[in-house]
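Asks: fold the following and give me the result.
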Amino acid sequence: PPPLSPSRRMQQPLPPYEVLPADVSMEELPRSTTVLLEEPPPPPRDHLVWSLFTTLYCNFCCLGLMAFVFSVKSRDRKVLGDRSGAQSYGSTAKCLNITALVINTIIGFIVVLVVILLVTGVIQSMNPPPQYGQNSFSGLT
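Replies: Numbers count the residues shown, from 1 in each chain. Now for the predicted structure:
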């Protein structure tokens with residue numbers, strides 16, 4: 001018969017086990033060993049270094065400190081072998097880091113914009129200085 005394709009072989013039922021004849025011993029049969037190696041999934045990220053920098057440089061409303069705490073919790077869970085807990089804490093730390101980064105970027109942009117406007121005098125021209133010589137409280141000067 002023609003050789004079967006791999007997908008066709010998988011669909012066929014396995015033949016039933018047969019009892020070995022008395023004149024055949026196990027040592028005479030060919031041996032085969034199948035070893036399946038599965039690569040373990042990568043460990044969940046804890047974002048500890050990112051949280052440390054957020055704590056030091058972008059700690060708006062203590063978001064960086066909270067991110068650092070969740071990163072440490074994630075690392076502890078990873079050491080204990082709790083992948084789902086480590087992934088959950090790491091995800092929370094990542095969200096806090098992103099939030100702190102966005103807020104600090106907006107604040108930095110606003111500060112730079114105000115400084116530029118002050119330097120160019122736009123804000124000062126919006127509030128004109130009082131005109132001297134026109135005193136409405138006194139009579140003729």
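
Asks: so which helix or strand of this protein has the lowest pLDDT on average?
Replies: helix 6-11 (a mean of 54; mean pLDDT, DSSP states H and E).

Asks: in the chain, spot the helix with the most residues.
Replies: Identified as the longest helix of the chain according to DSSP state H is helix 83-120.

Asks: excluding covalently adjacent residues, which one is nearest to the residue most central in space within the chain?
Replies: The residue lying closest to the centre of the chain (C-alpha atoms, centre = their mean) is K94, at 4.2 Å. The spatial neighbour of K94 that comes closest, neighbours along the chain excluded (C-beta to C-beta, 6 or more residues apart in numbering), is H47 at 5.3 Å. In this view, the C-beta of every residue, glycine as well, is placed from N, C-alpha and C.

Asks: am I right that the one you found is in contact with I98?
Replies: No: contact criterion C-beta atoms under 8 Å: H47 and I98 do not qualify, at 9.9 Å.

Asks: more neighbours: these two, which one.
Replies: H47 (25 against 15; other C-beta atoms under 10 Å).

Asks: so how far is L29 from the more buried one?
Replies: 55 Å (C-beta to C-beta, to the nearest Å).

Asks: ok, T55 next?
Replies: 65 Å.

Asks: more crowded one of those two?
Replies: It is T55, of T55 and L29, that has more neighbours when counted by other C-beta under 10 Å, with 20 against 9.

Asks: tell me the buried residues in the strand or helix carrying the more buried one?
Replies: In the assignment (DSSP states H and E), T55 maps to helix 48-57. Residues of helix 48-57 classed as buried by neighbour count (16 or more other C-beta atoms under 10 Å): 48, 50-51, 54-55.
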